[in-house]
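Student: just need the structure, nothing else, for what follows:
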Amino acid sequence: MSVSIRLPTVLRPHVGGQAVVEVGGATIGEVLTTLVAAHPGLSGQVISEDGQLNKFVNIYVNDDDVRYMEQLATPVSDGDEISILPAVAGGA
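Tutor: The predicted structure follows:
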């Protein structure tokens, strides 16, 4: 099973400049673990040191935010598109 992961510009140097990488896994957790194993520079960028989703990134499966689904246990299917986006905060 393979899914596409779309990476923001800030993370692309850690994956050889690629905008999209293909990774296997049955859940978001497995996919992200495989991604980090293949690209160690991403360690701590998407999954925090305590094994949770990093609070500074948002992860979507086919436009659905995994924080409102099953987080790392969210299942993925062959051909799904995962997007990693940096969290944006601010205001006046």
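Student: so Leu32 touches Gly44, yeah?
Tutor: No. Applying Cβ atoms under 8 Å, one finds Leu32 not in contact with Gly44, separated by 11.7 Å. Using the backbone N, CA and C atoms, a C-beta is placed for each residue, glycine as well.
Student: show me where the chain has its strands.
Tutor: With DSSP state E applied, the chain shows strands at 3-6, 20-23, 57-61, 64-65, 81-86, listed in chain order.
Student: in its sheet, what does the fourth one sit against?
Tutor: Looking back up the chat, that one is strand 64-65. strand 57-61 (antiparallel) (DSSP bridges).
Student: kindly export the partner strand (C-alpha atoms) in CSV.
Tutor: Provided in CSV are the C-alpha atoms of strand 57-61 (Å, rounded to 0.1, in the frame of the first residue of the first chain):
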residue,chain,number,x,y,z
VAL,A,57,2.1,20.9,12.0
ASN,A,58,-1.3,20.0,10.7
ILE,A,59,-1.7,16.7,9.0
TYR,A,60,-4.6,16.0,6.6
VAL,A,61,-5.7,12.8,4.8
